[in-house]
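> got a predicted model here, sequence first, then my questions.
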Amino acid sequence: MLRVGKIVAVHGLQGAVILSHIINGSDWLKKGDAIFVEMARESRIPYFVGSVRSSKPDELLVTVDDVEGAAAAKKLIGRNVYVNDELLQNTDADSPLMYIGFHIVDAQKGDIGAITDVMQATQNWIAQLIIEDKEVLVPLAEELITEIDKKGRVIKMELPEGLIDIYLSNSTNDEDDEG
């Protein structure tokens, strides 16, 4: 499943929502398709599209079954939206949001883990990984990426020496300081 965007607003009184997305084009989502709305972390509720039309190049106006009225639709605002990979097979989707679940393989350390989330800080994308129960942030900077294998879901990188160790040693030092 791929995160394609976020519900950003309610439109009108009937319960339509505005889906801000990262997919090139506006014809990738059709009536009857399922979108999955993340209501809680790792809890994605399926909704079937009742209607869809493009409002801007990166926004769709969507109604979904079982959401009637603005009050019900407001509960979806700010929620991430996912779709099954198959829905995007014929699109030119290329965004760091697509990298959730990919493994980062460092030239020195090897496989350091799977990306659990990505976020944008100013104009830079950052991947979040959980290593040894600690959050580790890795910049997805072009100059650090050596290869992206979409089929194998792997991003090969040459990370700065010590980047991962900083996260892991800082947590250890914090615990030592307390004791």
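Okay, I see it.

> please parse this structure into its domains.
As given by automatic domain parsing, the domain ranges for the chain are 2-86, 97-178.

> chain center to the longest strand anywhere in the chain: distance?
Criterion DSSP state E: the longest strand present in the chain is strand 43-56. Put simply, strand 43-56 sits 16 Å off its chain's centre (CA atoms, centre = their mean, to the nearest Å).

> chain neighbours aside, what residue packs nearest to K109?
The shortest distance from K109 to any non-neighbouring residue, by CB to CB, 6 or more residues apart in numbering, is to I164 (6.4 Å). Quick note: C-beta positions are derived from backbone N, CA and C, even for glycine.

> so where does that neighbour fall, helix or strand?
Per DSSP states H and E, I164 falls inside helix 163-178.

> would you mind identifying the helix or strand in the chain with the lowest mean pLDDT?
helix 163-178 (a mean of 63; mean pLDDT, DSSP states H and E).

> re the thing from before, pick the most buried one from the domains of the chain.
Neighbour counts (mean count of other CB atoms under 10 Å) averaged over each of those peak at domain 2-86, with a mean of 16.

> pLDDT of that domain, averaged?
Taken as a whole, domain 2-86 has a mean pLDDT of 89.

> next, the distance between the ends of that domain.
10 Å (CA to CA, to the nearest Å).

> tell me the contacts of the residue nearest to K109?
With contact taken as CB atoms under 8 Å, 6 or more residues apart in numbering, I164 is in contact with D106, K109, I112, I131, V136, V138.

> ditto for L88
Contacts of L88 by CB under 8 Å, 6+ apart are L2, V4, I23, W28.

> now K156
By CB under 8 Å, 6+ apart, the residues touching K156 are V105, A107, I145, T146, E147, I148, D149.

> for G69, same thing?
Per CB under 8 Å, 6+ apart, neighbours of G69: L13, Q14, G15.

> closest one of those residues to D65?
G15 (10.3 Å; CB to CB).
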